[in-house]
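> Kindly generate the corresponding structure for this input.
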Amino acid sequence: MHAAILTNFATPKGGAEKVAIESARGLAESGVAVTLIHGIDGPADPLLDHPGIRRVALGLTDVWERPAWRGAVEGIWNREAARRLRAALAGLPVAPDVLHLHQWTRSLSPAVFPVLARSGLPVAVTLHDYFLACPNGVYYRFDAAEPCTLRPLSAGCLAAPCDPQSRAHKAVRLARSAVQSVALNRGFARRPLDLVHVSDASRARLAPMLDGPSFRHHRVDNPVRVARTAPADPAAGDAVAFVGRFTREKGADLVAQAAHRAGLRSLFVGDGPLAEDLRAVPGAEIVGWRAPEEVEALLRRRARAVVAPARWRETGPLTIYEALAAGIPAVASDRAGAGEWIVHGETGFLGPPEVGALAELFARLADDALVRRLGLAAHARYWAAPTTLATHATALRALYAGMTGAAEAPSFQRSAVM
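Okay, here's the model as predicted:
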């Protein structure tokens, strides 16, 4: 089996790239030949240093680094990305059996979908967000600060001032979504596109938006690259921790405010537009971006709980899964896909993304005995059925076998077709 994995970067700039890279490594370790094709040049994650992984850079530019007009044009339809991807696929010494796309909005653009469709190969797309259906990618009304309920590209969607930046930016996103929809429906009319959902909740929301003969739906958990060791001692921690980009939709501001109200410190790993607002909250500490190993060590030392109180319907935040694997309690929004992994009151807490509700949950974390009990239960429950790189690779091999009609298909219960 030879799988070609496509994404924007060869380093984990976000959750999608992180999963793409870890998937590549897990597949290679399971004996699958992997070609990682990434749009943008740059250093490669050490995980890609494996004899079973071939890396191909397309030499494209991040649209965020382009002049506004150029970024808008290339974000909607990047002809050069399509040309280079076509050439890269044709130039591989061994043709792939399957193509698997993880992210395309920062460099590849919807122009790659016709290339993938015309390759004649089965194509899978992992839905880390809502960009395949929703213009702004998070299915969230930034104007109203609440999840969206509109049908993507409906009249209501077209009129809604929901973009986090401006109406002009929304117009560009609408144009991208419109041409993307046409490309998908035309390109995959005969051979359906296999869509991979990372949580039951996101599958339930996205499947009705992406229905019809052009799509088949699957469910595969994201991998969690945490080694099994003794559980952490969260009772020794001094803060609730947030890991990721500091934005309102992710609820970073809620963590700082709720922790202060509950009398706890808050620890922020990452960066983002809310950084200065967070620094203004007493008890908040920002340490910036860190390597994965540093993050795990820091959380084991400092975190009483890891928190992901997203206002948007987040598909499946990896930080929650990694916390549970380390034996650290998790607190998540009841809107997010991560809620499927948390047993409320046993391995952590679920609640609405509101300061008052979070403050009440955080106040409970002052109890050392409770925090220690939650952490031990989280560790035991996660490792009873872990989603390691190996189990993730098994799931993908089962998916690919079904897509290609291979005789041997490893079984994995969550990879069922909808």
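> Please make it C-alpha for all contacts and neighbour counts, starting now.
Fine.
> for residue 102, what are its contacts?
Contact analysis of residue 102 by CA atoms under 8 Å, 6 or more residues apart in numbering lists 5, 6, 7, 16, 17, 20, 125, 126, 127, 128.
> For my notes, confirm the second one occurs in a strand.
Yes - with DSSP: H, G, I helix; E, B strand; the rest coil as the criterion, residue 6 is part of a strand.
> quick one: it and residue 374, what's the gap?
From residue 6 over to residue 374 the distance is 38 Å, taken as CA to CA, to the nearest Å.
> Between those two, which has more neighbouring residues?
Counted by other CA atoms under 10 Å, residue 6 and residue 374 do not tie: residue 374 has more neighbours, with 29 against 25.
> Low-confidence stretches in the chain?
Counting by pLDDT under 70, the chain contains low-confidence ranges at 407-418.
> Can you check which helix is longest in it?
Ranked by number of residues, the top helix in the chain under DSSP state H is helix 167-187.
> So which elements touch that helix?
If you count contacts as 3 or more CA pairs under 8 Å, 6 or more residues apart in numbering; DSSP states H and E, helix 167-187 packs onto helix 68-76, helix 112-118.
> where along the stretch 151-300 of the chain do the helices fall?
For the stretch 151-300 of the chain, helices defined by DSSP state H, counting those that start in this stretch occupy the ranges 155-159, 167-187, 200-209, 252-262, 275-279, 292-302.
> looking at the ones you listed, which is closest to residue 142?
helix 167-187 (11.3 Å; CA to CA).
> Show me the domain layout of the chain.
Per automatic domain parsing, the structural domains of the chain span 2-223+388-404, 234-384.
> For the longest one, what is the distance to the chain centroid?
Chain-centre distance of domain 2-223+388-404: 11 Å, with CA atoms, centre = their mean, to the nearest Å.
> Distance across that domain, terminal residue to terminal residue?
One end of domain 2-223+388-404 to the other measures 11 Å (CA to CA).
> next one: the last one
Counting by CA to CA, the length from the leading to the trailing residue of domain 234-384 is 20 Å.
> quick one: contacts of the longest helix of the chain?
72, 75-77, 110-111, 113-114, 117-118, 131-136, 153, 158, 161-163, 214.
> All the helices of the stretch 1-150 of the chain, residue numbers only.
In the stretch 1-150 of the chain, the helices defined using DSSP H, counting those that start in this stretch lie at 15-29, 68-76, 79-91, 112-118.
> List the contacts of the third one.
By CA under 8 Å, 6+ apart, the surrounding residues in contact with helix 79-91 are 39, 56, 58, 60, 95, 107, 108, 109, 111, 112, 115.
> Please repeat the previous calculation with a cut-off of 10 Å.
For helix 79-91, the surrounding residues in contact (CA atoms under 10 Å, 6 or more residues apart in numbering) are 4, 6, 35, 37-39, 56-61, 73-74, 95-96, 99, 104, 107-116, 118-119.
> What's the ChimeraX syntax to select whichever of these are buried?
The ChimeraX command for the buried members of the contacts of helix 79-91 (criterion: 16 or more other CA atoms under 10 Å) is given here:
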select :4,6,35,37,38,39,56,57,58,60,61,73,74,96,99,104,107,108,109,110,111,112,113,114,115,116
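> where does residue 225 fall, phi/psi-wise?
phi -100, psi 70 (degrees, to the nearest 10).
> oh, and call the first residue 812 from now on, that's how I've got it
Will do, 812 is the new start, and the previous item becomes residue 1036.
> Tell me which residues touch it, please.
Contact analysis of residue 1036 by CA under 10 Å, 6+ apart lists 830, 833, 837, 1103-1104, 1129, 1132-1133, 1136, 1198-1201.
> Against the centre of the protein, work out the most remote residue.
Ranked by distance from the centre of the chain (CA atoms, centre = their mean), the top residue is residue 1180, with 32.9 Å.
> With distance to residue 1145 and mean neighbour count as added columns, please give the helices of the stretch 962-1111 of the chain in a markdown table.
Listed next are the helices of the stretch 962-1111 of the chain as a markdown table, based on distance: least, CA to CA, whole Å; neighbours: other CA atoms under 10 Å:
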| stretch | distance to residue 1145 | mean neighbour count |
| --- | --- | --- |
| helix 966-970 | 25 | 13 |
| helix 978-998 | 28 | 18 |
| helix 1011-1020 | 11 | 17 |
| helix 1063-1073 | 14 | 23 |
| helix 1086-1090 | 23 | 16 |
| helix 1103-1113 | 23 | 16 |
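> Tell me which of these approaches residue 1151 most closely.
helix 1011-1020 (7.8 Å).
> quick revisit: quick one: which of the contacts of residue 1036 is the most crowded by neighbours?
Most neighbours among the contacts of residue 1036, by other CA under 10 Å: residue 1136, with 28 neighbours.
> what's the helix or strand for it?
Residue 1136 is located in helix 1129-1137, with elements delineated by DSSP states H and E.
> That helix vs helix 1103-1113, what angle?
Counting by axes from the mean of the first three to the mean of the last three CA atoms, to 10 degrees, helix 1129-1137 lies at 60 degrees to helix 1103-1113.
> Taking helix 826-840 as reference, get the angle to helix 1129-1137.
Angle, helix 1129-1137 to helix 826-840, by the same axes, to 10 degrees: 50 degrees.
> partners of the helix or strand just after helix 1129-1137, with directions?
Tracing the chain past helix 1129-1137, the next element assigned as helix or strand by DSSP H and E is strand 1141-1144. Looking at strand 1141-1144 with DSSP bridges, its partner strands are strand 1114-1119 (parallel), strand 1159-1162 (parallel).
> and the longest one, how far from the chain's centre?
Its chain's C-alpha centre and that of strand 1114-1119 lie 19 Å apart, by CA atoms, centre = their mean.
> can I get the CA coordinates of it in PDB?
The C-alpha trace of strand 1114-1119 is given here as PDB (Å, rounded to 0.1, in the frame of the first residue of the first chain):
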ATOM      1  CA  ALA A1114      -1.800  21.800  35.100                       C
ATOM      2  CA  ARG A1115      -4.600  20.900  37.500                       C
ATOM      3  CA  ALA A1116      -6.700  20.600  34.400                       C
ATOM      4  CA  VAL A1117      -6.400  21.300  30.700                       C
ATOM      5  CA  VAL A1118      -9.300  23.400  29.400                       C
ATOM      6  CA  ALA A1119     -10.900  23.700  25.900                       C
END
